[in-house]
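Student: sequence first, then the predicted structure, then my questions.
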Amino acid sequence: MSACCCCSQKPGIAVQLYSIYKYIGAVGLPKALKDVADIGYKGVEFAGYYNYSAADLKKLLDDNGLVACGTHTSRASFTGDAVKETCEFNLAYGNNLIICPGNGNGIPENWDKSADDWWKYLTEAYAESAEAAAKFGCKVGLHNHAWEFQKKLSDGTTVWDYFFSNTPDNVCMEQDVGWTTYAGFDPCEEFKKYPRRSPTLHAKENGMDSDTFEAILGQPDKGCVGVDWDKLFPVADANGVKWYVVECERHFDSLDAIKPSFEFLKSKGR
């Protein structure tokens, strides 16, 4: 799969396995993958490998008719000499998209320069990692939370805009549309600003800071502005998004959020 190019194929529905990490811990990865497939999911995005080898992961995916559409890992895993081992491991179970969800992107405590200098360093580091990963046939990219929109550089630019304005197109954008909406931004506009860089998006609903939030797609928490899914779908599709990756940050110990979230996306023609 060429991770950052557009194709006309209908987008698939995947699940970020972090959504059910407690469930996986209770029933084991083999059963959890079977349950995910039984719901109807066609892909998974990893966030840890539960001590399985790449060959074992590949067999578990194949046995359940699933494919890997990405993984979440630290930036250190694709920095410097580590990129070779990371790419080889991921390719061995069928994945070529390696995404950092923030771990390693924040300014370290021992950084003795400005925030502007840090983000300049970070964009250069991602560009180098993307070039190195490409030699193995892999892509790297960044996944957002709210803070990338909330933190600003000295000229008022958000770190999100600075990052994607100063990295090459082969650094992929995995936009978490729930966090973008939570931060008060329109996910559609972010896709338009940085086109053709998003092989995956994180499908999440708004309401993360509420105790009553159920994390089910199409059901934003009371009082929250939800994701405008009907507006989002054509924009994301036009940008070549291949996978809608469901991430539900509630009900980690059950399928109670990922099942209705799948059904919601399916009802919308995903």
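Tutor: Structure's in. What do you need? Numbers count the residues shown, from 1 in each chain.

Student: OK, contacts around residue 270?
Tutor: Residue 270 makes contacts with 10-13, 233, 244, as judged by CB atoms under 8 Å, 6 or more residues apart in numbering. Backbone N, C-alpha and C define where each C-beta goes, glycine included.

Student: could you pull out the strands in the stretch 1-150 of the chain for me?
Tutor: 12-16, 43-46, 67-72, 97-100, 139-143 (DSSP state E, counting those that start in this stretch).

Student: can I get those in TSV including mean neighbour count, distance to residue 124 and mean pLDDT?
Tutor: Supplementary listing: the strands of the stretch 1-150 of the chain in TSV, determined by neighbours: other CB atoms under 10 Å; distance: least, CB to CB, whole Å; pLDDT from 0 to 100:
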stretch	mean neighbour count	distance to residue 124	mean pLDDT
strand 12-16	25	28	98
strand 43-46	24	27	98
strand 67-72	23	22	98
strand 97-100	24	15	98
strand 139-143	26	13	98
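
Student: and these: which comes nearest residue 263?
Tutor: Nearest to residue 263 among those is strand 12-16; the distance by CB to CB comes to 10.0 Å.

Student: now do that closest one and strand 67-72, the angle between them.
Tutor: Counting by axes from the mean of the first three to the mean of the last three CA atoms, to 10 degrees, strand 12-16 points 40 degrees away from the direction of strand 67-72.

Student: just the buried positions in stretch 53-70, please.
Tutor: Across stretch 53-70, burial judged by 16 or more other CB atoms under 10 Å covers 54, 57-58, 60-61, 64, 66-70.

Student: ok, and what's touching it?
Tutor: By CB under 8 Å, 6+ apart, stretch 53-70 touches 12, 14, 29-30, 33-34, 36-37, 41-46, 49, 52, 89-90, 92-95, 97-99, 174, 199-200, 242-243, 245.

Student: which ones among those residues lie within helices?
Tutor: Counting by DSSP state H, the contacts of stretch 53-70 place 29-30, 33-34, 36-37, 89-90, 92-93 in helices.

Student: am I right that residue 239 is in contact with residue 200?
Tutor: No: taking CB atoms under 8 Å as the definition, residue 239 is not a contact partner of residue 200, at 11.2 Å.

Student: can you give me the neighbour number for residue 184?
Tutor: Per other CB atoms under 10 Å, the neighbour tally for residue 184 reads 10.
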